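Here is my input; please provide its structure:
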Amino acid sequence: MMVTLNLEATLDYTGKAMSFVEDELRRHDFPERLYPEILIAVEEVFVNIASYAYKPEQPGDVTLSVKIDEKAIIRFEDSGTPFNPLDGAEPDLDAPIMERDIGGLGIHFVKNLMDETEYGYEGGKNILTISKGKSETGEVM
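Next up is the predicted model:
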């Protein structure tokens, strides 16, 4: 069963989103060694939605849903501008820092920290789902 939290899509609620996910991880005895990776991904996705999904004069909400069993599944839904963050080009990590394009590094981290990332646009909503299995390799044990 997924548990859900609806938050205003502002940077002020980033900590609350992270605490919500961490509380669910603890409640389901998910391996603590995986918390940092999951929470970094949650922070990155929430900050991106809070920063870019809505126009400043028209703030919106983020619905955060979590389901935990053999893997942690975290879903973000917003009604902001349709945008698939997974479609962006991979950042050139070999280029000198001063020559790199701005942006794209956060979602690169999310895609590499999590086992699965999926995007969909349904019913006027961006839906980004990220998941992480209990084992080091992401495989369900």
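
residues near residue 111, how many?
16 (other Cβ atoms under 10 Å). C-beta: built from backbone N, CA, C; applies to glycine.

Which of the three states applies to it?
Three-state call for residue 111 (DSSP: H, G, I helix; E, B strand; the rest coil): helix.

after the worst-scoring helix or strand of the chain on mean pLDDT comes which helix or strand?
Least confident helix or strand of the chain, by mean pLDDT, DSSP states H and E, is helix 105-113 with a mean of 78. As assigned by DSSP states H and E, the chain's next helix or strand after helix 105-113 is strand 116-122.

Just the angle for that next one relative to helix 105-113, thanks.
120 degrees (axes from the mean of the first three to the mean of the last three Cα atoms, to 10 degrees).

Only the buried residues of strand 116-122, if you could.
For strand 116-122, the neighbour count (16 or more other Cβ atoms under 10 Å) marks residue 117 as buried.

Checking residue 21 next. Helix, strand or coil?
helix.

who does the helix or strand where residue 47 lies touch, helix- and strand-wise?
Assigned by DSSP H and E, residue 47 belongs to helix 35-52. Here helix 35-52 touches helix 14-27, strand 61-68, strand 71-78, helix 105-113, strand 125-133, going by 3 or more Cβ pairs under 8 Å, 6 or more residues apart in numbering; DSSP states H and E.

ok, 10 Å please
strand 3-8, helix 14-27, strand 61-68, strand 71-78, helix 105-113, strand 125-133 (3 or more Cβ pairs under 10 Å, 6 or more residues apart in numbering; DSSP states H and E).

could the ones you listed go into TSV alongside distance to residue 43?
Listed next are those as TSV, based on distance: least, Cβ to Cβ, whole Å:
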stretch	distance to residue 43
strand 3-8	13
helix 14-27	6
strand 61-68	12
strand 71-78	11
helix 105-113	9
strand 125-133	12
